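Undergrad: What would the 3D arrangement of this be:
(one chain, ligands or ions: 1)
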Amino acid sequence: MRRFRRDPLGFLEHFADRSQTGVFRLPWGAWCVRDSELALKVLRDPVFNSGRSTFFGDLLPSRLDQVALGRAVRNTVRAHVPAYRCALARALADLPAVSPWPQSGLTLVHRATADLLLHPGAPAALRQLQARSVRYGLMRSPLRRHRLRSELLRPKLTAATTEEITDRRAAGVCEAAPRDVLDTVIAACPEGVTDEAAALLYSLLVKSVVGTVGHAVAWSLLLACLHQPGATAWPWPVDWITREAARHRPVVWMVGRPVPHPMEYGGIDFKPGAILSVSPYLLHHDQHLWKSPEQFRPDRWSDTGDHGPYLPFSAGPFTCGGAAVAQTMITEAVAALAAGNRLRVTGAITHPVVTDSAAPRPFALQRVPTR
Ligand code: HEM
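TA: Got it, this is the predicted structure:
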């Protein structure tokens, strides 16, 4: 496991290269589908994708409820994009000339979405708890002391969110005009979903909106700066940079699907319940399907054809419900950070820290105004 912690993706590639079958066993017992065609089949085939998605798990009673909630939240977030842009500009004005990343990515995105997640009239204590959780453990930290802190914070945040949901449900929430993502979640939860389950659903979505987007912003900045050190302007459109960063270093590095009944897959016999994992990273680095996949090359997005499988947001029936709006949020943030500035990174390496997401290791970003 020490080798995995040092270079998780290299470790995964090493196992994939040595495997003789389309599916190989990971050291911690799970199964990884190495063959790209078989992997895409796992994500798309109804055999593995019926019933409820693992993202929401059993927090909602049916797949229809999951889809309805995902769409409702996506719509609320999409409607907020103009406000996000303005709030981002205000948050950037407070960013120091040298800032610590990837944490600054999460802080920036949180500041730009704070009123979307909890409207300004929501209890101040809850808004503060949410801001603290963004600082100390929205995403699982590799550091034990951070994990301990977040384990202390999480029950408090869940309890405070649950209490707020109880109050809002008692007062009634207007489905047609949600004031924030919490209202949207409450309105989309069918009867019978407890206040605590609604709080857990809400926290999953906060993690996606702030944590996953924040880490994707950090990867884009890091990779673009490392490949154009000291440039006053990047030679690529920001959209190409963010797409290529999501290919080169997908934040969600593994998604899993349970095997529904005894079956043979990729030359191996599986029992029901075994988890088949698909790694977007491995598919994005398949030498047979991508040209020079190990290189960070935003210009590969100048044309629409000739690409291998691209699934930073997964694929098939359980694809990320917020993919398009997430892409917009990431691109807007990177563009805003770069506008009128020369960017430089120090202390940067491209080996990620892998926990529940593949995050960049700490680096410093220096912004020097060019006008
Ligand atoms: C960089 C940002 C993001 C990435 C990389 C990402 C990626 C993913 C992935 C890989 C899944 C799981 C799919 C699977 O199990 O196959 C997922 C699920 C989901 N994501 Fe995202 N996501 C991001 C941001 C967002 C945002 C901003 C929203 C909301 C607006 C969102 C909403 C959802 C929903 C609702 C699902 C569950 C889909 C379902 O089960 O039907 N995501 N996301």
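Undergrad: Is stretch 131-151 in proximity to the ligand?
TA: No. For stretch 131-151, no contact with the ligand is found by CB under 6 Å from any ligand atom; the gap never falls below 11.7 Å. All C-beta atoms are positioned from the backbone trio N, CA, C, and that covers glycine.
Undergrad: For Pro102, which non-adjacent residue is closest in space?
TA: Excluding the flanking residues, the one nearest Pro102 by CB to CB, 6 or more residues apart in numbering is Ala218, at 3.6 Å.
Undergrad: check contacts around Ala338.
TA: With contacts defined as CB atoms under 8 Å, 6 or more residues apart in numbering, Ala338 is in contact with 233-234, 238.
Undergrad: Which of these has the largest number of neighbours?
TA: Comparing those by number of neighbours (other CB atoms under 10 Å), Val238 comes first, having 21 neighbours.
Undergrad: Now that that residue has come up, it's in contact with Thr331, right?
TA: Yes. Val238 lies in contact with Thr331 (CB atoms under 8 Å); the separation is 5.3 Å.
Undergrad: give the contact list for whichever residue of the chain sits closest to the ligand.
TA: Of all residues in the chain, Gly322 sits closest to the ligand, at 2.3 Å by CB to the nearest ligand atom. By CB under 8 Å, 6+ apart, the contact list for Gly322 reads 70, 73-74, 77, 208-209.
Undergrad: How about the residues of this protein by the ligand?
TA: For the chain, the contact set with the ligand under CB under 6 Å from any ligand atom comprises 53-56, 66-67, 70, 73-74, 77, 205, 208-209, 212-213, 216, 251-252, 255, 312-314, 318, 320-322, 325-326, 330.
Undergrad: From those residues, keep the buried residues only.
TA: 53, 55-56, 66-67, 70, 73-74, 77, 205, 208-209, 212-213, 216, 251-252, 255, 312-314, 318, 320-322, 325-326, 330 (16 or more other CB atoms under 10 Å).
Undergrad: Which ones among those residues lie within helices?
TA: 66-67, 70, 73-74, 77, 205, 213, 216, 325-326, 330 (DSSP state H).
Undergrad: Dump the residues you listed to JSON lines, plus pLDDT and distance to Gly137.
TA: JSON lines is the format used below for those (pLDDT from 0 to 100; distance: CB to CB, whole Å):
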{"residue": "Gln66", "pLDDT": "98", "distance to Gly137": "26"}
{"residue": "Val67", "pLDDT": "98", "distance to Gly137": "29"}
{"residue": "Gly70", "pLDDT": "98", "distance to Gly137": "24"}
{"residue": "Val73", "pLDDT": "98", "distance to Gly137": "22"}
{"residue": "Arg74", "pLDDT": "98", "distance to Gly137": "25"}
{"residue": "Val77", "pLDDT": "98", "distance to Gly137": "22"}
{"residue": "Leu205", "pLDDT": "98", "distance to Gly137": "17"}
{"residue": "Val213", "pLDDT": "98", "distance to Gly137": "17"}
{"residue": "Ala216", "pLDDT": "98", "distance to Gly137": "19"}
{"residue": "Val325", "pLDDT": "98", "distance to Gly137": "25"}
{"residue": "Ala326", "pLDDT": "98", "distance to Gly137": "21"}
{"residue": "Ile330", "pLDDT": "98", "distance to Gly137": "22"}
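Undergrad: now, among those, which is nearest to Ala339?
TA: Distance ranking of those against Ala339, using CB to CB, places Ile330 first at 15.1 Å.
Undergrad: Would you mind giving me the confidence score for the residue most central in space within the chain?
TA: Central residue of the chain (CA atoms, centre = their mean): Thr212, 2.8 Å from the mean position. The score at Thr212 is 97. That number is its pLDDT.
Undergrad: now swap in Arg5 and tell me
TA: Looking at Arg5, its pLDDT is 74.
Undergrad: which SSE is the nearest residue to it once chain neighbours are set aside in?
TA: Of all residues not flanking Arg5 in the chain, Pro142 sits nearest, at 7.5 Å (CB to CB, 6+ apart). Under DSSP states H and E, no helix or strand contains Pro142.
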